[in-house]
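*Asks:* what would the 3D arrangement of this be:
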Amino acid sequence: MNAKTPIYRGYRFPSEIISHAVWLYYRFCLSFRDVEDLLAERGVIVSYETIRQWSRKFGAQYARELRRRQGRLGDTWHLDELFVTIQGRRQYLWRAVDQDGDVIDILVQPRRDRRAAKRFFRKLLKAQGGEPRRLVTDKLRSYSAAHRGVMPSVVHDTSRYANNRAEVSHQPTRQRERQMRRFKSAAQAQRFLSVHGVILNLFRVGRHLLRPANHRILRERSFLVWSELTCT
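*Replies:* Okay, here's the model as predicted:
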């Protein structure tokens, strides 16, 4: 995506407003109506339904460009699954994060058996373009079976507490699930969380580990990347 890409052609609002609305929705725990009010306070009158359409269309495009820019992530993959109730049925959100806590990929599936684990492993390998050095999971047997069938040469760690990083990574999902009053469908959860994870990676700079000056530099770099990919 570059400044010459006509992705905003036919839209009444400029790219700065569209990208800012999408950023607000995915970056913070806000509803479409919350974003509508924040824009209205700045004199921008736009309906929450328009913001929903922007988030669905442009969020996916921004996420694709961010994935291309970030390239391959860490060589230690922490995998875990989280159950979510959608329309009264239990679904499982499979998530992988690297050793730095960056989200590698997610996949919503109705099961957590060996077949589902293999499908998620193959999705990760395709997205990352290669195997990790180390795989960390809990003791769910589906992981061991998929590991033997898909990437048996990778070190598989199932020791106690080793996978706390993946379990902690579920917290933003739970927050958004509560704010959205649960996901409406598995497809909607997949769409939203795929974009949410990538944008979270960009603006997650480890503030508690940095001096204020270094944190400001990294935050400014994140804003610069966002401005470049949204053509603003």
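*Asks:* tell me which residues in the lengthiest strand in the chain are buried?
*Replies:* The residue-count maximum for a strand in the chain (DSSP state E) belongs to strand 76-86. Using 16 or more other CB atoms under 10 Å as the test for burial, strand 76-86 gives 76-82, 84, 86. Placement of C-beta: from N, CA and C, glycine included.
*Asks:* and stretch 139-148, by the same measure?
*Replies:* 140, 142-143, 146-147.
*Asks:* off-centre distance for it?
*Replies:* Centre-to-centre, stretch 139-148 and its host chain are 24 Å apart (CA atoms, centre = their mean, to the nearest Å).
*Asks:* swap in stretch 137-155?
*Replies:* Computed by CA atoms, centre = their mean, the chain-centroid distance of stretch 137-155 equals 23 Å.
*Asks:* do the same with stretch 109-127
*Replies:* Average the C-alpha atoms of stretch 109-127, do the same for its chain, and the two points are 17 Å apart (CA atoms, centre = their mean).
*Asks:* stretch 153-173 too?
*Replies:* For stretch 153-173, the distance to the chain centre is 17 Å (CA atoms, centre = their mean).
*Asks:* can you check stretch 197-208 too?
*Replies:* 10 Å.
*Asks:* quick one: low-confidence ranges for this structure?
*Replies:* For the chain, the stretches with pLDDT under 70 are 1-5.
*Asks:* could I get the full set of helices for it?
*Replies:* For the chain, applying DSSP state H gives helices covering 15-27, 32-41, 48-70, 114-128, 141-150, 164-168, 171-179, 186-203, 212-229.
*Asks:* make a markdown table out of these and add distance to residue 6.
*Replies:* Shown next, in a markdown table, are those (distance: least, CB to CB, whole Å):
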| stretch | distance to residue 6 |
| --- | --- |
| helix 15-27 | 11 |
| helix 32-41 | 24 |
| helix 48-70 | 12 |
| helix 114-128 | 28 |
| helix 141-150 | 41 |
| helix 164-168 | 40 |
| helix 171-179 | 31 |
| helix 186-203 | 21 |
| helix 212-229 | 15 |
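*Asks:* for stretch 159-171, measure first residue to last.
*Replies:* Stretch 159-171 has its terminal residues 22 Å apart, counting by CA to CA, to the nearest Å.
*Asks:* ok, residue 201 - contacts?
*Replies:* Taking CB atoms under 8 Å, 6 or more residues apart in numbering as the contact definition, residue 201 lies against 66, 70, 102-103.
*Asks:* check contacts around residue 173.
*Replies:* Per CB under 8 Å, 6+ apart, neighbours of residue 173: 82, 84, 93, 95, 193, 196.
*Asks:* just the closest of those residues to residue 132, please.
*Replies:* residue 95 (14.7 Å; CB to CB).
*Asks:* about what we covered before: quick one: which of the helices of the chain is nearest residue 135?
*Replies:* Across the helices of the chain, closest to residue 135 is helix 141-150 (CB to CB), at 6.4 Å.
*Asks:* and for stretch 105-123, what are the contacting residues?
*Replies:* Here stretch 105-123 makes contact (CB under 8 Å, 6+ apart) with 79, 81, 84, 89-96, 124, 127, 140-143, 145-147, 149-151, 186, 189-190, 193-194, 197.
*Asks:* and it, how far out from the chain's middle?
*Replies:* Here stretch 105-123 shows a centroid-to-chain-centroid distance of 16 Å under the convention CA atoms, centre = their mean.
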